[in-house]
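Q: Let me see the structure of the following:
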Amino acid sequence: MSDQQVVIKEKQTKNLVFNGTGSGYFRVCIVNLLLIIITFGIFGAWALVRSKRYLYSHTELYGSCFAYHATGRSLFASWLCMLIYIFALEGAVIGRHTFVAVCLGAALILFLPYLLVQSLRYQLQSTTLNNVRFNFRCSGFKAWWVMLGCPLIMMLGVLLVCTLIMLTCRSASIFEFDRIIITGVVALVVGVLGMAVVQGVSSALWLNLLFNHLSFGKNNFTAKISIKKLVSISLISMLMLIPVLLIVLKLEVPAYIKILSSQGDPEAIANELQSSGTTMFIGYLIYMFGILLWASYLYVTMRNYYYKTVSLSDHFTFRSTLTVAGFLSQLIINALITGCTLGVGYPWARVRYCKYLARNTWVDGDLDELDLQDHNEKIANDIVSRLSRGLTPNISF
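A: Model prediction:
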């Protein structure tokens, strides 16, 4: 390959760069914490905006930094309204005002996806690169089907199947432990695999909805994310989790059966907990590691896949080069940094994570070929849009 070809390739392939520092982000966090304490939590919305502005302003692509223009006042007003709504719903339930509670709950279920779409639109329109804003436009009905309708129907189906399996041992006595345990394990495996299918389908529908309705200025994103591929990724991740769950059950269930068989005798329960404490703790550690491994594999594999399917105006494609081992080590090390310092090290852990994601996120394309014109849509100021602005404060791709 000639030197000229190398230069062209380097020019057309760039990864994100995060140049923030732990000490710089610590100053932002400590001021946020003090002001939140002084204002009894009211400053939380402004603290979130300050944190996001720091992280965005230190993330750059092709030498240009992102910017975040949302306001704490907008988020606070949205949070306050949602808090009042939740208190009203809770008051109706406690006060046994059935009709009011049903109406409030139904309204939340029916309109929450639409509110989330409006909130996401506000967040993206408040995010810029090269003074060009992002945007998101989607119908409320389509959002409702993707966010609630389809996942709810599938989860009810999985729950029904698991219930039918458990009903096969309803005639078993409490002493037929083998039959109960085998049926429970079968129901667990079916439930886990069923939830994997639900997760894969839901993720594919959501990601297609997101990227195919996302734009940067006057340039549209497109994506062709395969439901079959994401279901297979979810199934593999769940199959990795099943052996861990079975090991944990083998370690934990005998102790719980003995506790249940003690008929509430405090001395017998205390003796069992003392004799099985180490085994139960080991089972808990295995469970936590299994959850981290499952989450890491699922996130990394899905992210690496769907990034390859996304393009921007036929001029830019994207790549994610995360690895399961690297992402898992990030989670563990950052958790240790935060935990061992009693939270003081969180800013440094967050900066490590942002740097890791940035250097493994690539954009392939020539910026000169992209039409850097902002779209003409203004941020909506109707009452519904204002109330929804704080519902999706964090955007992560």
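
Q: Now the closest residue to residue 222 other than its chain neighbours: which helix or strand?
A: Counting by CB to CB, 6 or more residues apart in numbering, the nearest residue to residue 222 once its immediate chain neighbours are dropped is residue 311, at 5.5 Å. Every C-beta, even on glycine, is put in place using the N, C-alpha and C of the backbone. Assigned by DSSP states H and E, residue 311 belongs to strand 310-312.

Q: Downstream of that strand, the next helix or strand is which one?
A: The helix or strand immediately downstream of strand 310-312 is strand 316-320, counting by DSSP H and E.

Q: ok, the helix or strand hosting residue 215: who's next to it in the sheet?
A: Using DSSP H and E, residue 215 falls within strand 214-216. Its sheet considered, strand 214-216 pairs with strand 132-136 (antiparallel), strand 219-223 (antiparallel) by DSSP bridges.

Q: From what I see, residue 115 and residue 389 are in contact.
A: No: using CB atoms under 8 Å, residue 115 is not in contact with residue 389, being 9.5 Å away.

Q: which residues in the chain form helices?
A: 3-12, 22-38, 44-57, 72-94, 98-125, 140-144, 150-167, 177-211, 227-261, 266-309, 324-340, 346-359, 383-388 (DSSP state H).

Q: if we compare the ones you listed, which one ends up closest to residue 376?
A: Checking the helices of the chain against residue 376 by CB to CB gives helix 98-125 as the closest, at 11.6 Å.

Q: Report the mean per-residue pLDDT for that closest one.
A: For helix 98-125, mean pLDDT is 89.

Q: and that helix with strand 132-136, angle?
A: Relative orientation of helix 98-125 versus strand 132-136 (axes from the mean of the first three to the mean of the last three CA atoms, to 10 degrees): 150 degrees.

Q: Can you check what angle separates helix 98-125 from helix 177-211?
A: Using the same axes, to 10 degrees: helix 98-125 against helix 177-211 is 50 degrees.

Q: So which bits of helix 98-125 are buried?
A: For helix 98-125, the neighbour count (16 or more other CB atoms under 10 Å) marks 101, 104, 112-125 as buried.

Q: for stretch 186-195, same thing?
A: In stretch 186-195, counting by 16+ other CB under 10 Å, buried: 187, 188, 189, 191, 192, 193, 194, 195.

Q: from the chain's centre, how far out does stretch 194-204 sit?
A: Chain-centre distance of stretch 194-204: 14 Å, with CA atoms, centre = their mean, to the nearest Å.

Q: what do you get for stretch 199-208?
A: Chain-centre distance of stretch 199-208: 13 Å, with CA atoms, centre = their mean.

Q: Show me what the mean pLDDT comes to for that stretch.
A: 94.

Q: Contacts for it, please.
A: By CB atoms under 8 Å, 6 or more residues apart in numbering, the surrounding residues in contact with stretch 199-208 are 146-147, 150-151, 154, 223-227, 229-235, 298, 302, 306.
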